[in-house]
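S.K.: Below are the sequence and a predicted model for it; my questions follow.
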Amino acid sequence: MFQNIIEAVRMFFLFLRILLIARIILSWLSLFSMDLRNSKIAYLIFNLTESLLSPIRRVLMKSPLGGPGMMIDFSVLILFFLIQIVESIVISLLHGFM
């Protein structure tokens, strides 16, 4: 039973990583003048990921990396690391219950 829970946790975090990769690709496409305003999939991806990225951006704006002239958005990279850390902790805790 715990093996199924561990697999579900892994799938959840994999889904988060896939959403972030999709957001990166969509942001690159929008840079090259692709109109994504009417895309329901793009809207869904941006809304799902923005709730995770906006707190990281707020923290970055107060750090030396951020500020109004920030050229590169490091929030996605930081979120990738955080997802990996949280996934490792959760799976370790679940293995501890086995």
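M.R.: Looks like it arrived, so ask away.
S.K.: Please make it C-alpha for all contacts and neighbour counts, starting now.
M.R.: Will do.
S.K.: just checking, what packs against the helix or strand in which Ile6 is found?
M.R.: Assigned by DSSP states H and E, Ile6 belongs to helix 2-31. If you count contacts as 3 or more C-alpha pairs under 8 Å, 6 or more residues apart in numbering; DSSP states H and E, helix 2-31 packs onto helix 40-61, helix 75-97.
S.K.: what's the closest of those to Leu19?
M.R.: When the helices and strands packed on helix 2-31 are compared for distance to Leu19 using C-alpha to C-alpha, the nearest one is helix 40-61, at 6.4 Å.
S.K.: Quick one: mean pLDDT for that closest one?
M.R.: Mean pLDDT, computed over helix 40-61, is 89.
S.K.: so what does that helix touch, helix or strand wise?
M.R.: Under the contact criterion of 3+ C-alpha pairs under 8 Å, 6+ apart, helix 40-61 touches helix 2-31, helix 75-97.
S.K.: In a markdown table: those, plus mean pLDDT.
M.R.: Putting these into a markdown table (pLDDT from 0 to 100) gives the following:
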| stretch | mean pLDDT |
| --- | --- |
| helix 2-31 | 90 |
| helix 75-97 | 93 |
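S.K.: Now render the ones you listed as CSV, adding mean neighbour count and distance to Ala42.
M.R.: Shown next, in CSV, are the helices and strands packed on helix 40-61 (neighbours: other C-alpha atoms under 10 Å; distance: least, C-alpha to C-alpha, whole Å):
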stretch, mean neighbour count, distance to Ala42
helix 2-31, 14, 7
helix 75-97, 14, 16
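S.K.: Kindly present the ones you listed as TSV, with separate columns for distance to Leu52.
M.R.: Below are the helices and strands packed on helix 40-61 laid out as TSV (distance: least, C-alpha to C-alpha, whole Å):
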stretch	distance to Leu52
helix 2-31	10
helix 75-97	8
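S.K.: Taking the centroid of this protein, which residue is nearest it?
M.R.: The centroid of the chain falls nearest to Leu20 when counting by C-alpha atoms, centre = their mean (4.4 Å).
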